[in-house]
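1. let me see the structure of the following:
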Amino acid sequence: MSEHLQKDSEALLDILTDCGDWQAAQDAKLNTLEQMLTKNHPKDKVLIFTQFADTAVYLHKQLVARGVKQIALATGAVANPTELAWRFSPVSNDKPVKNEIRVLIATDVLSEGQNLQDAAIVINYDLPWAIIRLIQRVGRVDRIGQQAAEILCYSFLPADGVEKIINLRARLKHRLSQNAEVVGTDEAFFEDDDNQTTLHDLYNEKSGILDGEADNEVDLVSEAYAVWTNAIKADPKLEKIIPALPPVVHSTKEVQNNFWTPGVLVYIDTPEGNDAMIWLDEKGEIVSDSLDDIFKAAACHPKTPALERSDSHHEIVQRGVEQILASEKKSAGGLGRKNGARYRTYTQLKNYAEKRGTLLEPELEKAIDAIYKYPLRESAVDILNFQLRSHAPDETLAATVMGLYRDDRLCVIHEHEWKTEPRILCSLGLKSGNGDY
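-> So this is what the prediction gives:
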């Protein structure tokens with residue numbers, strides 16, 4: 001092994017010697033990027049993603065030297081990437097700023113959980129191995145509040161010689177076409193795709209394509225909170241009206257988008273303490289259980305007129321509840337859904353416990369056992385979801401769980417507190433333009 005490493009090192013040194021010092025002026029890829037920013041889109045906001053922090057730093061340094069203005073860099077080394085997101089996209093974040101950013105270079109530190117929809121142009125300076133990253137990157141601008149008629153996504157491909165070796169483009173296209181359980185037809189990563197392979201529902205759990213790649217939970221919390229904040233800002237009375245609405249409240253609206261299937265959106269609180277949503281058609285068949293799809297389908301203007309519910313509305317809601325409970329039971333047994341706080345917390349801490357072995361605190365062992373046996377309290381779900389979305393290290397998550405367990409705020413252990421039935425929170429009917437399902 002050491003001999004191989006030595007030979008590799010010598011080979012790399014020989015390459016560096018033969019090539020000499022790097023000449024950025026001859027970097028064709030960088031030159032093309034500069035042209036895109038100064039010629040093709042000289043005034044547009046542009047979001048540039050790259051895999052590696054070193055590449056991001058290099059691009060920032062070179063573009064600044066070439067006179068590109070209002071440019072910033074966001075990597076894991078930046079103290080506050082959210083502040084850069086606000087400066088880049090102040091309108092969507094409702095954060096007026098003075099030193100606004102036009103070009104933002106970022107690693108995948110900004111590919112999740114940020115509103116960047118003031119921009120409609122995304123550039124992949126390199127292609128990630130995990131296709132989920134492509135979706136997450138575009139998802140930063142393809143969000144509620146996007147005003148552009150179309151979103152442009154440019155992707156730099158490897159040089160021909162490199163591409164022949166690693167075959168990255170073909171591998172990505174093959175995986176996309178293999179898993180095209182699609183909704184919609186307007187998202188293609190390669191302009192020569194004959195079938196315009198779409199990426200819309202790669203988040204859908206039943207496709208199974210994200211297992212082992214990345215955290216596939218769609219982070220809609222920031223979007224939902226932004227919608228709520230803007231709503232109560234526009235109409236403060238809603239802050240009291242909405243929380244006071246009774247369970248099982250329902251409404252119906254007209255479907256505006258031809259791609260949305262008429263039916264019913266159902267939102268329930270399961271006996272395991274999980275929030276769950278599902279979209280069913282007029283026959284009670286699943287259209288989608290993707291939170292992203294459901295969130296977009298539910299979106300409407302405050303003055304959208306309410307329609308009379310369909311005669312089959314409540315029957316479809318009942319079917320939705322049955323589908324959710326069956327899916328929850330099948331997907332992960334007593335721990336609930338795999339993207340739920342209970343399952344994810346238990347899995348992360350169980351792995352942590354196996355690593356620690358005999359060094360594990362007895363209190364943490366009891367807390368992990370409690371999570372396995374009993375549902376989480378609602379307040380604990382909120383706390384743990386926040387830490388999970390923040391990718392809190394094992395030690396931090398463990399300390400939080402032990403604190404909740406110690407204060408009897410972790411699980412519903414007492415029988416009189418158990419929920420045996422799901423609680424229907426609300427439902428929304430979707431009717432086609434002619435008033436029929």
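
2. contacts, neighbours, all on C-alpha from now
-> Will do.

3. the chain: strands as residue ranges?
-> Residue ranges of the strands in the chain, as given by DSSP state E, are 46-49, 71-74, 103-106, 121-124, 152-155, 249-254, 263-269, 275-281, 286-288, 423-431.

4. reformat those strands into a markdown table and put mean pLDDT next to each item.
-> As requested, these are exported to a markdown table (pLDDT from 0 to 100):
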| stretch | mean pLDDT |
| --- | --- |
| strand 46-49 | 94 |
| strand 71-74 | 92 |
| strand 103-106 | 94 |
| strand 121-124 | 92 |
| strand 152-155 | 88 |
| strand 249-254 | 93 |
| strand 263-269 | 91 |
| strand 275-281 | 88 |
| strand 286-288 | 88 |
| strand 423-431 | 92 |
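
5. in JSON lines, list those strands along with mean neighbour count.
-> Converted to JSON lines, the strands of the chain look like this (neighbours: other Cα atoms under 10 Å):
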{"stretch": "strand 46-49", "mean neighbour count": "26"}
{"stretch": "strand 71-74", "mean neighbour count": "21"}
{"stretch": "strand 103-106", "mean neighbour count": "23"}
{"stretch": "strand 121-124", "mean neighbour count": "21"}
{"stretch": "strand 152-155", "mean neighbour count": "17"}
{"stretch": "strand 249-254", "mean neighbour count": "18"}
{"stretch": "strand 263-269", "mean neighbour count": "26"}
{"stretch": "strand 275-281", "mean neighbour count": "22"}
{"stretch": "strand 286-288", "mean neighbour count": "19"}
{"stretch": "strand 423-431", "mean neighbour count": "23"}
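
6. would TSV of the ones you listed with distance to residue 412 be doable?
-> Written out in TSV, the entries for the strands of the chain read as follows (distance: least, Cα to Cα, whole Å):
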stretch	distance to residue 412
strand 46-49	43
strand 71-74	41
strand 103-106	42
strand 121-124	45
strand 152-155	47
strand 249-254	26
strand 263-269	15
strand 275-281	16
strand 286-288	30
strand 423-431	16
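
7. between those strands, which gets nearest to residue 380?
-> strand 275-281 (13.2 Å; Cα to Cα).

8. helices or strands up against the closest one?
-> The contact analysis (3 or more Cα pairs under 8 Å, 6 or more residues apart in numbering; DSSP states H and E) places strand 275-281 against strand 263-269, strand 286-288, helix 291-298, helix 313-332.

9. what's the most buried one of these?
-> Burial of the helices and strands packed on strand 275-281 is given as mean neighbour count (mean count of other Cα atoms under 10 Å); strand 263-269 ranks first at a mean of 26.

10. what sits up against that one?
-> Strand 263-269 is contacted from outside by 275-284, 294, 298, 313, 316-317, 320-321, 422-431, 437, using Cα atoms under 8 Å, 6 or more residues apart in numbering.

11. so which of the strands of the chain comes closest to residue 353?
-> Closest among the strands of the chain, once you apply Cα to Cα, is strand 275-281, at 27.5 Å.

12. what angle separates the closest one from strand 423-431?
-> Relative orientation of strand 275-281 versus strand 423-431 (axes from the mean of the first three to the mean of the last three Cα atoms, to 10 degrees): 30 degrees.

13. strand partners (parallel or antiparallel) of strand 275-281?
-> In the sheet containing strand 275-281, the strands it pairs with under DSSP bridges are strand 263-269 (antiparallel), strand 286-288 (antiparallel).

14. nearest to residue 49, out of those strands?
-> Among these, the nearest to residue 49 by Cα to Cα is strand 286-288 (29.3 Å).

15. so what touches the closest one?
-> Outside strand 286-288, the residues within contact range by Cα under 8 Å, 6+ apart are 204, 261, 278-281, 294.

16. ok, now with 6 Å
-> Applying Cα atoms under 6 Å, 6 or more residues apart in numbering, the external contacts of strand 286-288 come out as 279-280.

17. for the residue nearest to residue 335 when sequence neighbours are not counted, grab the count of nearby residues.
-> Among residues not flanking residue 335 along the chain, residue 343 sits closest, at 5.1 Å (Cα to Cα, 6 or more residues apart in numbering). Other residues near residue 343 come to 18 when the count uses other Cα atoms under 10 Å.

18. ok, residue 343 touching residue 368?
-> No - with contact defined as Cα atoms under 6 Å, residue 343 does not count as touching residue 368 (10.9 Å).

19. quick one: neighbours of residue 29, just the number.
-> By the other Cα under 10 Å criterion, the neighbourhood of residue 29 contains 15 residues.

20. from residue 303, how far off is residue 152?
-> Separation of residue 152 from residue 303 (Cα to Cα, to the nearest Å) stands at 31 Å.

21. typo on my end, it should be residue 98
-> According to Cα to Cα, residue 98 and residue 303 sit 33 Å apart.

22. show me where the stretch 1-150 of the chain has its helices.
-> Counting by DSSP state H, counting those that start in this stretch, the segments of the stretch 1-150 of the chain that form helices are 2-19, 28-35, 53-65, 81-88, 90-93, 131-139.

23. CA atoms only for the last one - export them in CSV, please.
-> Once side chains and other backbone atoms are set aside, the C-alpha atoms of helix 131-139 remain, and they are given as CSV (Å, rounded to 0.1, in the frame of the first residue of the first chain):
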residue,chain,number,x,y,z
ILE,A,131,-28.3,13.5,-8.6
ILE,A,132,-30.3,14.7,-5.5
ARG,A,133,-27.9,17.6,-5.4
LEU,A,134,-29.0,18.8,-8.9
ILE,A,135,-32.5,18.9,-7.7
GLN,A,136,-31.7,20.6,-4.4
ARG,A,137,-29.7,23.3,-6.2
VAL,A,138,-32.4,24.2,-8.7
GLY,A,139,-34.9,23.9,-5.8
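
24. for it, what does the pLDDT average out to?
-> Mean pLDDT, helix 131-139: 73.
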